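A.B. asks: Just a sequence and a predicted model for now, questions to come.
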Amino acid sequence: MLDIKFIRDKADLLKKAARDKNSNPALVDELIGVDRELAQLRQKVEEGRAQQNQSAKDIAQLEGEARQQAIDATSSLKVELKQQEPKLKELEEKYLALMLQMVQPALARVPLGKDDQDNVEIRKWGEVPSFDFEPKDHVQLGEDLDIIDIPRGTKISGSRFYFLKNEGALLELAILRYTLDKLVAKGFTPFIPPVLVRPEVMTGTGYFPGGEEQAYAVGVKSGPEGLQFDELHLVGTSEVPVTSYHQGEILDEAQLPLLYAGISNCFRREAGTYGKDTHGLYRIHQFQKVEQVVICKNDPEESAKMHQMILGNAEEVLQDLQLPYRVVDVCSGDMGQGQIYKNDIETWMPSRKGYGETHSCSTFHEFQARRLNLKYKAADGKKHFCHTLNNTCIASPRILIPLLEVYQQKDGSVVIPLVLRPYMNGRETIQVKKRG
RNA sequence: GGAGGGAUCGCAUAGUGGCCUAGUGCGCACGCUUGGAAAGCGUGUAUCCGCGCAAGUGGAUCGAGGGUUCGAAUCCCUCUCCCUCCGCCA
């Protein structure tokens, strides 16, 4: 959400932002029109209410004939006011719906572009491996090592589902735990959040409206007349519940920045991706992720610092795992409605012969905090909306793609990265075995 | 699933149709007092939206939404959340 005053003053800037992010610039003028109409009607209604309030006070002092006359006069005023209320309500709803669709302009440094093709590489780390044998892809490795079972996942739950088993299951838990421990050592507070959330939480973090078809819904109110159901949504990332943890609260400036690490299952419908990335574990409906969430004070410099910090943490994990990666500046067209700056980290995936997205680091400034009504009290007693940011720290099983593929050996075994061995009971390799 | 009780200002509480412009206590802030401190005394202490340079002022909000009424924290309806007990349950 943006400040309405900002929208009124900077309409042109917002229209440009909408165009740059492949959104609809016409909504800006529509909102400004509704805003103007709403202000006029609201003033009229409020004047009426003030008069009504005053009359009620007067009546309390009156008696007999005069009292009855005053009551009759106020009754007709009341009827008049009632007639305006549906229109007021309609305008308010329209206003809110449009407000929720306003696009936050990206920082000036963000490259303009249409989609992820236009993202700009800003640095690379590590050496892309070369093999003196014919390397397998992670699907083949997973099958030969009996640690990934995609056919049975599909049998049980449909396309884009899978089983991890044996060392595959242990390896995922090892990576997650290793990453979480690292963040905790850096002062992050670990969270296991609810993964089913109310729709207002999806709205608060900016996923709704617009992203409804990407989220699984549970118990949506669609039953026969009179029947009530819970409406809950499975989150696509723990960013949603963790950023919303302080929804509606007023924090103390001294508490900030809050560094939170959420670990959860993540669920994504991946609507509109039929036929895209259908092979293996790249694009799936359910995965686990350790997510970094930062809530900091309302200061662009502070936000920028936090952005670099959480970006650095993710890079550190990849460096620990010795996985080559690159960092890109995400272009305007590939950014979300509320994000003003975003970096993706792409890790080298031998089977794709290229870098594939494994992390996404976003700065929001006030966008989410306004929707969540999340403020803090500054030292001078003034209240400000917080700034929020988030970045993946590790997401599995997608990270197993580069990990298995890069660490495979000629004999078909996979070496377990050094840093993960303590989390794998000291195991050093995963050996080929017959599928059970 | 069943039966009860509750939600009021940061916290705790009062408030059963107009005296509520929501009282009191605690906490917090400022001031007085003091050599300094405590105690005491005084003043102030919610959020959002509008108008105003400002002091100020209009509106909304007593869990949420609707209703009754000239007037609702208070009466009615619906919902949400919390607590207690019973049943079921990993």
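C.D. replies: Received, thanks. Keep in mind it's a predicted model, so treat the numbers as computed, not measured. Residues are numbered from 1 along each chain as shown, chains lettered A, B, ... in the order given.

A.B. asks: Please make it C-alpha for all contacts and neighbour counts, starting now.
C.D. replies: OK.

A.B. asks: Shouldn't A:Pro111 be within a helix?
C.D. replies: No: using DSSP: H, G, I helix; E, B strand; the rest coil, the assignment for A:Pro111 is coil, not a helix.

A.B. asks: which residue sits closest to it in space, ignoring its chain neighbours?
C.D. replies: Nearest residue to A:Pro111 in three dimensions, chain neighbours excluded: A:Cys331, at 4.8 Å (Cα to Cα, 6 or more residues apart in numbering).

A.B. asks: Hmm, that neighbour is touching A:Ala108, no?
C.D. replies: No: contact criterion Cα atoms under 8 Å: A:Cys331 and A:Ala108 do not qualify, at 11.1 Å.

A.B. asks: More neighbours: the two, which one.
C.D. replies: Between A:Cys331 and A:Ala108, counting by other Cα atoms under 10 Å, A:Cys331 is the more crowded of the two (25 against 9).

A.B. asks: Tell me who's in contact with that one.
C.D. replies: A:Val110, A:Pro111, A:Leu112, A:Gly113, A:Lys114, A:Asp115, A:Asp116, A:Asp118, A:Asn119, A:Val120 (Cα atoms under 8 Å, 6 or more residues apart in numbering).

A.B. asks: Let me know how buried the fifth one is, in neighbour terms.
C.D. replies: Other residues within reach of A:Lys114 by the criterion other Cα under 10 Å amount to 17.

A.B. asks: count of residues packed around A:Tyr278?
C.D. replies: Not Tyr; residue A:278 is Thr. A:Thr278 has 13 neighbours, counted by other Cα under 10 Å.

A.B. asks: Leaving out sequence neighbours, find the closest residue to it.
C.D. replies: Once flanking residues are discounted, A:Thr278 sits nearest to A:Arg160: 7.4 Å by Cα to Cα, 6+ apart.

A.B. asks: just A:Trp348 next, same as before
C.D. replies: Using Cα to Cα, 6+ apart, the closest residue to A:Trp348 is A:Tyr355 (4.3 Å).

A.B. asks: Could you report the neighbour count for the residue lying closest to A:Phe367 once chain neighbours are set aside?
C.D. replies: Excluding the flanking residues, the one nearest A:Phe367 by Cα to Cα, 6+ apart is A:Met1, at 5.0 Å. Neighbouring residues of A:Met1 were enumerated by other Cα under 10 Å; the total is 24.

A.B. asks: same deal with A:Arg36?
C.D. replies: Neighbourhood size, A:Arg36 [other Cα under 10 Å]: 12.

A.B. asks: any idea how far it lies from A:Lys5?
C.D. replies: 12 Å (Cα to Cα, to the nearest Å).

A.B. asks: hmm, who's touching stretch A:99-109?
C.D. replies: Here stretch A:99-109 has contacts from A:1-2, A:13-14, A:17-18, A:21, A:23, A:27-28, A:31, A:209, A:332, A:337-341, A:367, using Cα under 8 Å, 6+ apart.

A.B. asks: Does RNA strand B have contacts with stretch A:367-376?
C.D. replies: No: using Cα under 7 Å from any atom of the strand, stretch A:367-376 stays clear of RNA strand B, coming no nearer than 8.3 Å.

A.B. asks: hmm, which helix or strand of chain A has the shakiest average pLDDT?
C.D. replies: When the helices and strands of chain A are scored by mean pLDDT, DSSP states H and E, strand A:217-218 comes last with a mean of 81.

A.B. asks: Show residues contacting it.
C.D. replies: Contacts to strand A:217-218, defined as Cα under 8 Å, 6+ apart, come from residues A:Asp230, A:Glu231, A:Leu232, A:His233, A:Leu234.

A.B. asks: run the last query once more with 7 Å
C.D. replies: If you take Cα atoms under 7 Å, 6 or more residues apart in numbering as the criterion, strand A:217-218 is touched by A:Glu231, A:Leu232, A:His233, A:Leu234.

A.B. asks: Direction included, what does it pair up with?
C.D. replies: strand A:232-234 (antiparallel) (DSSP bridges).

A.B. asks: and the partner strand with RNA strand B, contact?
C.D. replies: No: using Cα under 7 Å from any atom of the strand, strand A:232-234 stays clear of RNA strand B, coming no nearer than 10.3 Å.

A.B. asks: In chain A, which residue sits nearest RNA strand B?
C.D. replies: Residue of chain A nearest RNA strand B, by Cα to the nearest atom of the strand: A:Ala50 (3.3 Å).

A.B. asks: So that residue, which state does it fall into?
C.D. replies: Under three-state DSSP, the three-state class of A:Ala50 is helix.

A.B. asks: where does it land on pLDDT?
C.D. replies: Reported pLDDT at A:Ala50 in the predicted model: 89.

A.B. asks: residues near it, how many?
C.D. replies: Neighbour count for A:Ala50, taken as other Cα under 10 Å: 10.

A.B. asks: ok, so what distance separates it from A:Arg177?
C.D. replies: Distance from A:Ala50 to A:Arg177, by Cα to Cα: 60 Å.

A.B. asks: Return the residues of chain A in contact with RNA strand B.
C.D. replies: Counting by Cα under 7 Å from any atom of the strand, chain A sits next to RNA strand B at A:39, A:43, A:46-47, A:49-57, A:59-60, A:71-72, A:74-75, A:78, A:228, A:230, A:383.

A.B. asks: Show me those residues that map onto helices.
C.D. replies: A:39, A:43, A:46-47, A:49-57, A:59-60, A:71-72, A:74-75, A:78 (DSSP state H).

A.B. asks: Just the buried residues of these.
C.D. replies: A:Gln52, A:Ile59, A:Ile71, A:Thr74 (16 or more other Cα atoms under 10 Å).
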